[in-house]
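# With the sequence up front, the predicted model follows.
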Amino acid sequence: MGVNVQTSSLKEAIWQIVAAIPEGNVATYGQVAMLAGYPNHARYVGTTLKNLPKGTRLPWHRVINSRGELSFPMHSAPWQKQRARLEKEGILFSGKGFPLKHYQWQT
């Protein structure tokens, strides 16, 4: 089975964009997809990040949904991990999320 070059290139673009999100900032799945040149592929961004290898140093925790919330089920272990990482970077939560206008990465 061969590797789809387009899919491989898209994954690399997603990884590079996520790696560039500055500490204390977030980007939405849709924003990452748009920056990668595939504006209708927000779900693919999520799938790509979900399948990162264990122990990755890529700051996946900086990618959130368009409502300024984490996409994991509230209070689950992954949700708590992502929230703790974002709070460590200075992102202040109010309830389930935070205002995107304060923390969204401006490219």
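Arrived safely. Numbers count the residues shown, from 1 in each chain.
# if I've got this straight, G55 is in a helix?
No - if the criterion is DSSP: H, G, I helix; E, B strand; the rest coil, then G55 is coil and not within a helix.
# residues in contact with G37?
The contact partners of G37, taken as Cβ atoms under 8 Å, 6 or more residues apart in numbering, are A13. Using the backbone N, CA and C atoms, a C-beta is placed for each residue, glycine as well.
# Which helix or strand contains it?
Per DSSP states H and E: G37 is located in neither a helix nor a strand.
# wait, isn't L92 in contact with F98?
Yes - L92 lies in contact with F98 (Cβ atoms under 8 Å); the separation is 6.2 Å.
# more crowded one of those two?
F98 (21 against 10; other Cβ atoms under 10 Å).
# phi, psi of the more buried one?
The phi/psi pair for F98 (degrees, to the nearest 10) reads phi -160, psi 160.
# Which residue comes closest to it once chain neighbours are left out?
Residue nearest to F98 in three dimensions, not counting chain neighbours: G68, with 5.4 Å by Cβ to Cβ, 6 or more residues apart in numbering.
# Give me the packing partners of the worst-scoring helix or strand of the chain on mean pLDDT, helices and strands only.
The weakest-scoring helix or strand in the chain, judged by mean pLDDT, DSSP states H and E, is helix 5-20 (a mean of 88). Counting by 3 or more Cβ pairs under 8 Å, 6 or more residues apart in numbering; DSSP states H and E, the packing neighbours recorded for helix 5-20 are helix 29-35, helix 42-50.
# Of those, flag the one that's most buried.
helix 29-35 (a mean of 21; mean count of other Cβ atoms under 10 Å).
# can you pull the contacts of the residue nearest in space to the middle of the chain?
Most central in the chain under Cα atoms, centre = their mean is V63, positioned 1.9 Å from the mean C-alpha point. The contact partners of V63, by Cβ under 8 Å, 6+ apart, come to 18, 21, 26-29, 32, 45-46, 49.
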